[in-house]
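Participant: Quick check, what structure comes out for this input:
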Amino acid sequence: MSDYTEKPKSTDTCVHGNFPPCEICQNTAAGERKENIAIGLIDPADKQAVADYYQFEVDQGSSTINPKTTFEGMVNFRQTQLRDGKLTIAVAKEGGKIVSTGVVVLENGALGRELQPNEAGAGGVVVDKDKRNTGIGEMMAKQQIQMARDGGKESIVSHIDKGNDASFRLHLKLGYQLESIRRQPGENDEKKVDFKIRHNLEDNFSPVDWAKEVSNQRLSAINEITPSSPGQILIASENDQLIQQALEQGYQGVYLLRPTDFEDSTVLDKNYLVFTK
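Facilitator: You can find the predicted model right below:
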């Protein structure tokens, strides 16, 4: 394992690659903690490391043991997937203790993912409940992107549940783009909605200060899309119908803005997605 450090990307961003205000910079304890995190990949031959990873996810409530097998059986199965190159798994440790895990799926069908040969799938990033909002999740999401590159893939895709704006914002900030909306049967005849996002690994991603674009009145919210709609628009993140329409009109979702991104929190009344065309 090797220590993970971030260098400034430009004179406009902080050491974490964020435009001000950066939550990590504002939280001194979080910044110090981030410097003490080491991220590394699990060796498929190291069964104890696989067991430790899986136990962490069980303890955090993100994985459950199949009632038809045992914990050891699940560990053996995951180890086989690693050996066969179907998955790659990273763990973040602080003081030798696992504080986060991240899985990348490299083969169609593994973990139930439907993937094309040139795609990787980003599994959910799991962060210790006591270590959240400290920047560790962002570190692991960046690691997943690198794992997909190392796996020889052209892109990495994921699905984010509608309403999970924190995860949605994080991934868009790292270069993912909203590609499509998926609606599936849910409870009480309601449709479960999630957003499919993709990071093209062959593109050079450059962050844009979208809050500045709004403040300078170059970007504003819309309630409908017309032939005269501009190439850059804002749509409320809760409005999946209008989001769907924007995608059908050739727009791509590239960022999520919050009221707290502005010194004057009344600039936006809710979370909005930035779309470009």
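Participant: give the contact list for the most centrally placed residue in the chain.
Facilitator: The centroid of the chain falls nearest to residue 171 when counting by C-alpha atoms, centre = their mean (3.6 Å). Residues near residue 171 by C-beta atoms under 8 Å, 6 or more residues apart in numbering: 122, 141, 158, 160, 197, 199. Quick note: C-beta positions are derived from backbone N, CA and C, even for glycine.
Participant: how many neighbours does the first one have?
Facilitator: Which is residue 122. Burial of residue 122 is recorded as 26 neighbouring residues (other C-beta atoms under 10 Å).
Participant: got the contact list for it?
Facilitator: When contacts are counted by C-beta under 8 Å, 6+ apart, residue 122 touches 102-105, 141, 144, 148, 156-158, 171.
Participant: How about the second one?
Facilitator: With contact taken as C-beta under 8 Å, 6+ apart, residue 141 is in contact with 102, 122, 125, 170-171, 174.
Participant: before we move on, back to that, in strands only, show me the contacts of residue 122.
Facilitator: If you go by DSSP state E, the contacts of residue 122 have 102-105, 156-158 in strands.
Participant: Under the pLDDT cut-off, which ranges of the chain? List them.
Facilitator: Applying pLDDT under 70 to the chain flags residues 1-34, 186-189.
Participant: how does it look with 80?
Facilitator: 1-35, 185-191 (pLDDT under 80).
Participant: ranges for the helices of it?
Facilitator: All helices of the chain, identified by DSSP state H, fall at 23-26, 28-35, 47-59, 71-83, 136-150, 165-173, 210-215, 240-248.
Participant: any chance of the contacts of residue 141 in a markdown table, with distance to residue 45 too?
Facilitator: Conversion of the contacts of residue 141 to a markdown table gives the following (distance: C-beta to C-beta, whole Å):
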| residue | distance to residue 45 |
| --- | --- |
| 102 | 20 |
| 122 | 24 |
| 125 | 24 |
| 170 | 32 |
| 171 | 31 |
| 174 | 31 |
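Participant: Looking at these, which one is closest to residue 275?
Facilitator: Comparing the contacts of residue 141 against residue 275 with C-beta to C-beta places residue 171 closest, at 15.6 Å.
Participant: And for residue 105, the neighbour number?
Facilitator: For residue 105, the neighbour count with other C-beta under 10 Å is 26.
Participant: how near is it to residue 130?
Facilitator: For residue 105, the distance to residue 130 (C-beta to C-beta, to the nearest Å) stands at 28 Å.
Participant: tell me the contacts of the spatially closest residue to residue 104 that is not a sequence neighbour?
Facilitator: Spatial nearest neighbour of residue 104, excluding adjacent residues (C-beta to C-beta, 6 or more residues apart in numbering): residue 147 at 4.4 Å. Residue 147 makes contacts with 41, 88, 90, 102, 104, 120, as judged by C-beta under 8 Å, 6+ apart.
Participant: hmm, try it at 7 Å
Facilitator: For residue 147, the contact set (C-beta atoms under 7 Å, 6 or more residues apart in numbering) comprises 88, 90, 104.
Participant: I'd like to know how many residues surround residue 194.
Facilitator: Per other C-beta under 10 Å, the neighbour tally for residue 194 reads 19.
Participant: That one is in contact with residue 163, isn't it?
Facilitator: No - applying C-beta atoms under 7 Å as the test, residue 194 and residue 163 come out as separate, 9.5 Å apart.
Participant: Hmm, residue 139 is touching residue 36, no?
Facilitator: No - the criterion here is C-beta under 7 Å, and residue 139 misses it with residue 36 at 11.6 Å.
Participant: Which residue of these two possesses the greater neighbour count?
Facilitator: Using other C-beta under 10 Å as the criterion, residue 139 and residue 36 rank with residue 139 on top: 22 against 11.
Participant: Please tell me how far the more buried one sits from residue 79.
Facilitator: Computed as C-beta to C-beta, the residue 139 to residue 79 distance reads 25 Å.
Participant: same deal with residue 113?
Facilitator: Residue 113 sits 19 Å away from residue 79, going by C-beta to C-beta.
Participant: Check residue 147 too.
Facilitator: Going from residue 147 to residue 79 by C-beta to C-beta gives 17 Å.
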